[in-house]
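> Below are the sequence and a predicted model; questions follow.
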Amino acid sequence: MKRNDNQRVVVTGMGMITPIGIGIDCFWNNAISSNHGIDYIDFTDYSGETDPILAGIIKDFDPKSFVAQRKSLKVMSRDMQIAVGAAKLAIEDAGINIESEDPTQVGVTIGAGMIHADINELGLSIAGSAKNGKFDISDFGKEAMQILFPLWLLKQLPNMLASHISIIYNAQAPSNTPTTASSAGLQAIGEASRIIERQNAKVYFCGGADCRTHPLDILKYKMLGLFSEQNGKIENFYCPYDKRRSGLIPGEAAGIFVIESLSHALERGAKIYGEIIGYGSSAGAAFREKDPEKRAFIESIAISSAIEDAGIAPTDIDYISGHGCSSVVGDLSESLAYKKAFGDYAYSIPVSSISSMVGYVGAATGSVNLATALMAINENKIAPTMFLAEPDPKCDLDYVPGKSRDHEVNIALVNTFDFSGQGAALVVKKFES
Amino acid sequence: MDRRVVVTGMEMITPLGIGMDTTWEGLKAGKSGVGRITSFDCASFHTQIAGEIKNFDFDELWHDKNHEFRYLGKHSQFALVTAKMALENAGIDLESINRRRMGVYLGSGEGEFDFDGFVRDIMESWDGDRVDINKFLQVGMNVLNPIREFEHDSNRPSVHISNSFGVYGPNSNCLTACAASSQAIGEAWWTIKRGNADIMVTGGSHSMIHPLGVVGFNLLTALSTQNDIPQQASKPFDIKRDGFVLGEGAGILILEDLEHALKRGAKILGEIIGYGTSADAYRITDAHPDGRGAIAAMNMAIETAGIAVEDINYINAHGTSTNVNDTVETSAIKQVFGDYAYKVPVSSIKSMLGHLIAAAGAVELITCMLAMRDSIIPPTINYQDPDPQCDLDYVPNTSRNQKVDIALSNSFGFGGQNVALIVRKYENGN
């Protein structure tokens, strides 16, 4: 569709809180230097010792330096704290004076994951309802009211990520919370860009934040056979598109972007990282769908619809910031999807996975992927897929293994496709006035 | 961008019945679907009442004994059955349409937490004052069910619908608390208007009637504790209201591009003409005292619809029966509608169904469509003692025969989420 400057949407700020760094500069430097953020999960809140478990871990994040009010911190889960932190970094990076904006023209749309309760806290209310070692629900109703704090439920509501940000910055335009697992963040960005396009707002905070390292997540991924084997060196089990890959490594991350209408960005003389020109989504594969062709068919629909929405040809895409989470089925179906959407041209496009360095970061996947794509556009450099050394013969595209590469990127495709079935694709372009 | 979007199918499952027809009969008759909670032993809970769905037999209603469906959350079970009925209602032949141009956008809540499994894991791994992580992880592998854990996520209903019916187009799920399914309908509406799909399956599904849901809302002092009078506990706009009553269920609408619907000779049930949404940006718990966000959402909906406030014949209120909501909503309606606020009937069906949380908005929009179809406005029941701050015409206690051409439905959620939707009767090609 033809868009005027009030409807064209550009990215002007990036706020990253990720296993490979806090702040976009740190994130990018680590990404192109192949410095991964995989480390052992800290279980010191619990008693007992377990075999070490690897995950993408955010280091040196001090929530107090991002949230002014101590009282607010208490009602924020870690997902919320890193989202709020990333929003602050995004604003600083965008150089926007948010107080001077019309609050009805500033919106917040943040993709969120399932937020689990603190198991020590909830456990205390359960253990307290047990007489002689046996849990009794006829005590639990009273016990839980004593032990849990009044706003306990609000720590688990996914829309609170967006809600906290909207309160801090007085952002009163439409606010939404996609919850489509690892496609949620990219869907939030795609949807926010369309709300600006339809001129219901001029500025948006959008992206995703998620922590997937909770003990219940680890149990879930293990029980479902999605967890990496974690024996020996990382590259022997966690290596997207590699024949040795055995499953995911969970991670935590937040990536929030400031996007705005082109006219608004030009008016305030903003630095522009790139323009969002196309968005698409799809779904339809059952979780138990083992046929990679069926999954690839559905994934390719999101990709093709984003390219169509952008009004470009598939051959205009110079780089794909891909999903690649080291999933046995997922990496294969993703590769097949590119072949379906691009035909033979698929072999000519570099594809890389930043998840190789940060782990499976759920709703934040689209954010880390978009940041990687936008930096590629600005620096003409592609971040690599780490740990890929022994290519799977069925994953035979150019995945930029191991080392970053200089490559001119004008238009990039950003892709996510969750194992639970939903996919999203976004097309971003180098900005030309 | 000027594509018109109509409703060609709709269905719901509520505490008043499995299906739209029984629910609508109950709503018209002013019946309550609330009772004492039966799905778990609620004796120790502050609140012991809810609007539960009765006699819901998924296997019988869904006709698919596939192993994958056995451990679906209630949210997915309700959504699948309701979507199936709504698609039948719409008369869509899935084989003959382009299913890449048919999508799903739900505002469903999460499934039920596996409370029993979690309790077993905690009991075996508790170390006096905290969890022994090694035991928790080991025991969890045996006592938790992988499919139940997986099916807990709020995006499961939207994926199950796309997969079960082979609907491959735009797909999302949003969870903006009690405004979720209304917001989903609004975004699905835009998806068709913008030309990204011809048909969208939309609405929502949710149940929070489980131990942690009840405790969570009790901690917020949001629920009614009038346990001795379950059917009279939800009393929106009445001065003796003391909180909302939990309900559960699903509402699904089939939205369609008007041209597409006409071409296939579909029966058109009504047209969605307005959608407004905003954030309060005030507090995570309370609505803005002036109803700032609610006003903005209603104004935006009216503006997108291109109508005057006097064109609206009925307002289906969010009307939760909490002290703050009902006062603020009343005040917001007055600020948007001026003097006309006293003339337009406003009712809350949460007085009968309880609050379906994420699914509430969809069920309420379908109710607006039925009010237009039958020229009957459902009542606000249990309305006995007026609150001087709530002084509008709430259609107290009995339904009213009145023509409705245009209706507005409000949904507001924790965190300051506000959505307003406007539907119009579709008659003689207009």
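Perfect, thanks for sending it. Numbering: from 1, shown residues only, chains lettered A, B, ... in the order given.
> Relative to the whole chain's centre, how far out is the helix-or-strand element of chain B with minimal mean pLDDT?
Lowest mean confidence among the helices and strands of chain B (mean pLDDT, DSSP states H and E): helix B:58-62, at a mean of 90. Centre-to-centre, helix B:58-62 and its host chain are 22 Å apart (C-alpha atoms, centre = their mean, to the nearest Å).
> what does stretch B:63-80 give?
Using C-alpha atoms, centre = their mean, the offset of stretch B:63-80 from its chain centre is 20 Å.
> Grab the nearest non-local neighbour of A:Ser305.
A:Gly280 (3.1 Å; C-beta to C-beta, 6 or more residues apart in numbering or on different chains). Every residue, glycine included, has its C-beta placed from N, CA and C.
> ok now do that neighbour, which residues does it touch?
By C-beta atoms under 8 Å, 6 or more residues apart in numbering or on different chains, the contact list for A:Gly280 reads A:190, A:301-309, A:424-425, B:170, B:196.
> remind me which residues of chain B are low pLDDT?
Residue ranges of chain B with pLDDT under 70: B:1, B:65-68.
> Regarding it, what is its longest helix?
helix B:74-90 (DSSP state H).
> buried ones in that one?
By neighbour count on 16 or more other C-beta atoms under 10 Å in any protein chain shown, the buried set for helix B:74-90 is B:74-87, B:89-90.
> now the end-to-end length of stretch B:379-395.
End-to-end distance for stretch B:379-395, by C-alpha to C-alpha, to the nearest Å: 5 Å.
> re earlier: just to be sure, the residue nearest to A:Ser305 is in a strand?
Yes. Residue state for A:Gly280 (DSSP: H, G, I helix; E, B strand; the rest coil) corresponds to a strand.
> Wait, A:Val11 touches A:Leu374, no?
Yes. If you go by C-beta atoms under 8 Å, A:Val11 and A:Leu374 touch, sitting 6.0 Å apart.
> residues touching A:Ser129, list them.
A:135-137, A:139-140, A:143-144.
> Return the backbone torsion pair for the most centrally placed residue in chain A.
Computing the C-alpha centroid of chain A and ranking residues by C-alpha atoms, centre = their mean puts A:Ala364 first, at 1.7 Å. Here is the backbone geometry of A:Ala364 (degrees, to the nearest 10): phi -90, psi 0.
> So the nearest residue to it once chain neighbours are set aside versus chain B, what's the distance?
Take A:Ala364 and drop its neighbours on the chain: the residue closest to it by C-beta to C-beta, 6+ apart is A:Ala253, 4.0 Å away. Distance of A:Ala253 to chain B, computed by C-beta to the nearest C-beta, to the nearest Å: 19 Å.
> about what we covered before: what's the least confident helix or strand of chain B in contact with?
Contacts of helix B:58-62 (C-beta under 8 Å, 6+ apart): B:18, B:65, B:69, B:72, B:77, B:80-81, B:84.
> Was I right to think A:Arg245 contacts A:Asp331?
Yes. Between A:Arg245 and A:Asp331 there is a contact at 6.4 Å, judged by C-beta under 8 Å.
> where do the contact lists of these two overlap?
Common neighbours of A:Arg245 and A:Asp331 (criterion: C-beta under 8 Å, 6+ apart): A:Asp392.
> These two: which is more packed in?
A:Arg245 (29 against 26; other C-beta atoms under 10 Å in any protein chain shown).
> For the more buried one, give me the pLDDT.
Confidence at A:Arg245, expressed as pLDDT, is 97.
> Count the neighbours of the nearest residue to it once chain neighbours are set aside for me.
The shortest distance from A:Arg245 to any non-neighbouring residue, by C-beta to C-beta, 6+ apart, is to A:Ser326 (4.3 Å). Neighbourhood size, A:Ser326 [other C-beta under 10 Å]: 29.
> Specify the local secondary structure of A:Ser326.
Under three-state DSSP, A:Ser326 falls in the coil class.
> Can you report phi and psi for it?
phi 70, psi 20.
> cool, and B:Ile377?
Main-chain dihedrals, B:Ile377, degrees, to the nearest 10: phi -100, psi 120.
> so how far is B:Pro345 from it?
5 Å (C-beta to C-beta, to the nearest Å).
> Who has more neighbours out of the two?
For B:Ile377 and B:Pro345, the more surrounded residue by other C-beta under 10 Å is B:Ile377, and the numbers stand at 28 against 21.
> Now do the more buried one against B:Ile161, distance only.
For B:Ile377, the distance to B:Ile161 equals 31 Å [C-beta to C-beta].
> same deal with B:Phe113?
For B:Phe113, the distance to B:Ile161 - C-beta to C-beta - is 22 Å.
> ok, now B:Ser181?
In terms of C-beta to C-beta, B:Ser181 sits 13 Å off from B:Ile161.
> any common contacting residues for the two?
Applying C-beta under 8 Å, 6+ apart, one finds that B:Ser181 and B:Ile161 are jointly contacted by B:Leu106.
> and A:Met1, how many neighbours?
9.
> Which secondary structure element is home to the closest residue to B:Asn299 other than its chain neighbours?
In this structure, B:Asn299 finds its nearest non-sequential neighbour in B:Val336, 6.1 Å apart by C-beta to C-beta, 6+ apart. In this assignment (DSSP states H and E), B:Val336 forms part of helix B:323-337.
> Run through who's touching that helix.
With C-beta under 8 Å, 6+ apart, helix B:323-337 has contacts from B:236-237, B:241-243, B:286-291, B:294-295, B:298-299, B:302, B:309, B:312, B:315, B:317-320, B:341, B:344, B:346, B:387, B:389-392, B:410, B:412.
> Which positions within that helix qualify as buried?
B:325-337.
> So which residues of the stretch 51-200 of chain A form strands?
With DSSP state E, counting those that start in this stretch, the ranges of strands along the stretch 51-200 of chain A come out as A:54-56, A:106-112, A:130-131, A:134-135, A:175-176.
> between these, which gets nearest to chain B?
strand A:175-176 (3.9 Å; C-beta to the nearest C-beta).
> Average pLDDT for that closest one, rounded please.
98.
> same question, stretch A:370-390
Average pLDDT, stretch A:370-390: 98.
> how far does that stretch stretch from start to finish?
End-to-end distance of stretch A:370-390 (C-alpha to C-alpha): 27 Å.
> in it, what's buried?
By neighbour count on 16+ other C-beta under 10 Å, the buried set for stretch A:370-390 is A:370-378, A:380-388.
> Repeat that for stretch B:58-78.
B:58, B:61-62, B:69, B:71-78.
> which residues does residue 409 contact?
You didn't say which chain, so I picked chain A. Taking C-beta under 8 Å, 6+ apart, we find A:Val409 in contact with A:318-319, A:373, A:376-377, A:380, A:382, A:430.
> Please refer instead to chain B.
B:182, B:315-316, B:361, B:364-365, B:367-368, B:420-423.
> would you list every one of the helices in chain A?
Under DSSP H, chain A gives helices at A:24-32, A:70-74, A:78-94, A:119-127, A:137-147, A:160-169, A:184-197, A:215-223, A:262-267, A:292-310, A:328-342, A:355-358, A:365-379.
> on that earlier part again, if we take the buried residues of helix B:74-90, which one ends up nearest to B:Ile192?
B:Ala90 (13.8 Å; C-beta to C-beta).
> contacting residues around A:Ala310?
Listed by C-beta under 8 Å, 6+ apart, the contact partners of A:Ala310 are A:277-278, A:411, A:427, A:429.
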